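**Q** here's a sequence, model it:
(one chain, ligands or ions: 1)
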Amino acid sequence: MQNDGSGRIVVQNLSKTFGPVAAVQNLSFVVEPGSVTGFLGPNGAGKTTTLRMALGLVTPTAGQATISGLPYDKLGNPARVVGAVLENEGFHPKRTARNHLRVYAAAIGMPDQRADEVLALVGLSSAANRRPGGFSLGMRQRLALATALLGNPQVLVLDEPANGLDPEGILWLRNFLRAYAREGRTVLVSSHLLSEVEQTIDNVVIIANGVTRYYGSLEQLRGGQQSRVLIQAADPGALVKALQQAGYSQVEPTPDGRVAVMGVTRQQVGDLVAKSGLAVYGIEEDRADLERLFFQLTGQHNGAPQQYQQQPPPGGGGWGQPPQQPYQQQQQPYQQQQPYGTPPGGYQQPGQQQGWGGQR
Ligand SMILES: Nc1ncnc2c1ncn2[C@@H]1O[C@H](COP(=O)(O)OP(=O)(O)OP(=O)(O)O)[C@@H](O)[C@H]1O
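**A** Below is the predicted model:
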């Protein structure tokens, strides 16, 4: 086997058991070069264990992970191929940031000057002579990233990199990772919050209880969602009646007093209110919340996790289709509640019914 130079990460049927705990079960996915992939799941889902297996720090119970076609420990000088930032990395208390980096640079055969280059890359040049002991959490994260970048690696693996970063730091990290991927490199970032990485990632692997729930492009995940139109009306009851008469049955109030309707476009609503002479103050399209879908996929809000169809293993034709179940689940609130009934029993005031969404 040879390093194929691709920077592709392939995880194939990877499993890890710690005593009675099945931390990772038969996990398969591919992380493509030139993109940022989010590795998402709730706490304890198995993300860190998977990343540690990919980085040769934990021995898999079954399956394997390769980077550029090779297991990590066969990469020769792996730090020149993969840069990794794992959680809770410590720094030597007596070394300055620059010296810390020089020690690590020497260990992987990089020249001293690389320390200053990576400090500049992460925006820490002015702190080069300070000791990390006095750094903020965000600065420590940047220094950890600088360490990972020493070998100018083609692949970056970051475990919960946004932890401890302020909004400015998150924005900086987002731009940095996107630029890194644009150079054709591979970026894999774990997080327990989809919202934290949503604007950074192209592709997503979602796991829960060590099992894959979804893997594919974020675009596909978004595309499978139902959207609804939210309308603020002078007389919501009259609007509901008009909508129902026009054949739109999936209608209900939102807690903030608006009317939500599924299966309709903004334009159709606009035409309908114009025709019926009703006063409305706002018509807004609302894509179903991606974070809510994430919670459904990982079973965090719906009790026991559901078993979704797994995606085909790597090499089977790229990214798969999103599973269908979540979208069916998504529709349930509309079918179950029917707060307006037929015939309409009068408009309920906000707060009178169990809402499911509200404004985002
Ligand atoms: N060394 C270990 N010994 C025993 N159990 C472990 C070990 N490492 C992880 N586990 C267990 O494996 C499961 C997965 O843990 P892991 O840390 O991989 O999850 P995670 O998704 O990274 O979560 P977090 O975001 O909380 O770190 C958990 O139940 C955890 O308690």
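**Q** which positions in stretch 145-157 come out as buried?
**A** Buried residues in stretch 145-157, counted by 16 or more other Cβ atoms under 10 Å: L145, A146, T147, A148, L149, L150, G151, P153, Q154, V155, L156, V157. C-beta: built from backbone N, CA, C; applies to glycine.
**Q** also stretch 62-80?
**A** G63, A65, T66, I67, S68, L70, P71, Y72, L75, P78, A79, R80.
**Q** rewinding a little: need the buried residues of stretch 145-157 in a markdown table with distance to R52, secondary structure and pLDDT, can you?
**A** Formatted as a markdown table, those follow (distance: Cβ to Cβ, whole Å; DSSP: H, G, I helix; E, B strand; the rest coil; pLDDT from 0 to 100):
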| residue | distance to R52 | secondary structure | pLDDT |
| --- | --- | --- | --- |
| L145 | 18 | helix | 94 |
| A146 | 21 | helix | 95 |
| T147 | 17 | helix | 95 |
| A148 | 15 | helix | 95 |
| L149 | 20 | helix | 97 |
| L150 | 20 | coil | 96 |
| G151 | 19 | coil | 96 |
| P153 | 17 | coil | 96 |
| Q154 | 20 | coil | 96 |
| V155 | 15 | strand | 97 |
| L156 | 16 | strand | 97 |
| V157 | 10 | strand | 97 |
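**Q** so which of the residues you listed comes closest to S125?
**A** Distance to S125, by Cβ to Cβ, is smallest for A146 among the buried residues of stretch 145-157, at 10.2 Å.
**Q** mind listing what that closest one touches?
**A** A97, L101, V118, L119, L121, V122, L124 (Cβ atoms under 8 Å, 6 or more residues apart in numbering).
**Q** before we move on, what about L218?
**A** By Cβ under 8 Å, 6+ apart, the residues touching L218 are G38, E198, I201, D202, N203, V204.
**Q** lowest-confidence one in these?
**A** Minimum pLDDT for the contacts of L218 is recorded at E198 (86).
**Q** that residue: neighbour count?
**A** Using other Cβ atoms under 10 Å, E198 has 18 neighbouring residues.
**Q** so N77 makes contact with I108?
**A** Yes - assessed by Cβ atoms under 8 Å, N77 is found in contact with I108 at 6.1 Å.
**Q** take the buried residues of stretch 145-157 and write them to TSV, including distance to the ligand.
**A** Listed next are those as TSV, based on distance: Cβ to the nearest ligand atom, whole Å:
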residue	distance to the ligand
L145	18
A146	23
T147	20
A148	18
L149	23
L150	25
G151	24
P153	22
Q154	24
V155	19
L156	17
V157	13
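**Q** which single residue of the stretch 51-200 of the chain ends up nearest the ligand?
**A** H192 (5.1 Å; Cβ to the nearest ligand atom).
**Q** thought E160 was touching that residue, still the case?
**A** Yes - applying Cβ under 8 Å as the test, H192 and E160 come out as touching, 7.2 Å apart.
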